[in-house]
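> heads up, no residue letters with this:
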């Protein structure tokens, strides 16, 4: 998918004087600290795969129903039942890859319930998320159609917890076999004569918990059995993804890998890493914000530790490491859940800062990762979009992803940061075609950072920057005020071996630097 970032979108403008005004209104002034970083342009880490900017949608709360899917007869503007605003916004952002149908929901989901005439699909109970009645009007065909509308690659999570190897094997054939088999012909009768060509397949989800409460040894046995029956159908070779640990559980990984005597069937290994907090999204204090934002240093260490452990069995790195669920998980308001659905949370400036910290981690660890999927796309947890009836708003996290988009497909280069504090200035850098993309995130809630970036192995010849910032960390975009937090032009100085920029508290800045 092409980047559509142009020089016009990075036009330079005035600096951060607006921050000072807003900070004064809030009754505080931020101290300023100088920080020095070195970017080594001649030391490549690896390609920043676009799939590191992946996403996840589950049958949970109003993520699917009311968020993505409103129905063909809905008064909400839609494209064949899909909320038009969601399609437009997500296509504009470039969603790359989308994981579905769960999450915990996946290990109690039986794919045949979601195919065929809608009026004949069974009504089932969503046992994981509120015991509401699932009418299965959004199933495999609808998900694939949505992916095609937003130009994202589908990633299907298969049912290991309550399913069978036969069920998952048949789902793969149904999706991918061109024609001539009973399942392929059934797909054609259901409106899709062409195969879906789904490459990414999760073999279970959180099988240490909601996916079956298994031990690593038990799950390894299930994975081997299920994977044995998943084969290439047509011209699509499945990429099989195993359930990895919650956070940095090295014991789960060690015991799972010790029981994987046939590792050629294992292509990906996915851990989950949530950054929890003890406050509702709009009621964060500086102390609670610091504690949550500091977890991204732990996530970076988890990536390094998990990859190093996998390397003992897989030194050639044929098994890709994923984080296919990540993001902030704040305390959920009961009133908000009753109005908007389970795990609904507001997305603030602090939320966007967290998203940018995560993306910077992925860029810096680009040689160790193949995919990362933030949870979730619409209305649930760390979402890109919030909806209500016919209204849809892009959250601050949407714009954090937009600011980071220029890194996709470029070569990540080494950033040397002498500051080891978990809340140190966060930087990632990538290069291609005489352009350096430099993203800086200030996770400090009370300190402005004057950043000096030294370039080793190259010279700067000017540049442009954009910044996402609001002086109130609990500020957010809302339906009647959708542009409270949006990227704006920012000042950057880029001459010779030095790039300078100033970042107020909780700010995200991406600069496009021309290299001489």
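Good, I have the coordinates. Treat the numbers as computed from the prediction; the structure is a model and nothing was measured.
> need the helices for the stretch 351-500 of the chain, in chain order.
Ranges of helices in the stretch 351-500 of the chain, per DSSP state H, counting those that start in this stretch, are 396-404.
> Give the residue spans of it that score low on pLDDT.
Under the criterion pLDDT under 70, no range of the stretch 351-500 of the chain is flagged.
> Residue 40: neighbouring residues, count only.
17 (other Cβ atoms under 10 Å). Quick note: C-beta positions are derived from backbone N, CA and C, even for glycine.
> Ok, residue 383 next?
27.
> change the start of the numbering to 6 and stick with it
Sure thing, new numbering starts at 6, so read that last one as residue 388.
> Which residues are in contact with it?
68, 350, 352, 381-382, 400, 402 (Cβ atoms under 8 Å, 6 or more residues apart in numbering).
> same question, residue 116
Per Cβ under 8 Å, 6+ apart, neighbours of residue 116: 144-145, 164, 172, 176, 179.
> and the gap between it and residue 242?
Separation of residue 116 from residue 242 (Cβ to Cβ, to the nearest Å): 20 Å.
> ditto for residue 394
43 Å.
> Is the residue nearest the centre of the chain bridged to anything, and to what?
Nearest to the geometric centre of the chain sits residue 379, at 2.5 Å (Cα atoms, centre = their mean). Note on residue 379: beta-bridge partners by DSSP bridges are residue 60, residue 331.
> if I pick it, what's in contact with it?
Per Cβ under 8 Å, 6+ apart, neighbours of residue 379: 59-61, 331-332, 360, 363, 387, 389, 402.
> And these, which is closest to residue 493?
residue 402 (16.7 Å; Cβ to Cβ).
> so what's that closest one closest to, chain neighbours aside?
With Cβ to Cβ, 6 or more residues apart in numbering as the criterion, residue 402 has its nearest non-adjacent residue at 4.5 Å, and that residue is residue 360.
> From residue 294, how far off is that neighbour?
For residue 360 relative to residue 294 (Cβ to Cβ), the value is 14 Å.
> Over to residue 185?
57 Å.
> again with residue 225
Look at residue 225 and residue 294: by Cβ to Cβ, they are 39 Å apart.
> mind checking pLDDT for residue 29?
On pLDDT, residue 29 comes in at 36.
> the more surrounded of residue 185 and residue 294?
residue 294 (26 against 8).
> that older thread, same list (the contacts of residue 379) but as CSV, adding neighbour count and distance to residue 45.
As requested, those are exported to CSV (neighbours: other Cβ atoms under 10 Å; distance: Cβ to Cβ, whole Å):
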residue, neighbour count, distance to residue 45
59, 26, 27
60, 26, 31
61, 26, 33
331, 27, 27
332, 25, 30
360, 29, 26
363, 29, 23
387, 27, 31
389, 26, 33
402, 27, 30
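> Pick the one among the residues you listed closest to residue 46.
residue 363 (24.0 Å).
> residues touching the closest one, list them.
301, 304, 331-332, 377, 379.
> ok, so of those, who is nearest residue 498?
Using Cβ to Cβ, the contacts of residue 363 come closest to residue 498 at residue 301, 27.5 Å.
> What distance do you get for the closest one to residue 482?
Remark: distance between residue 301 and residue 482 (Cβ to Cβ) = 22 Å.
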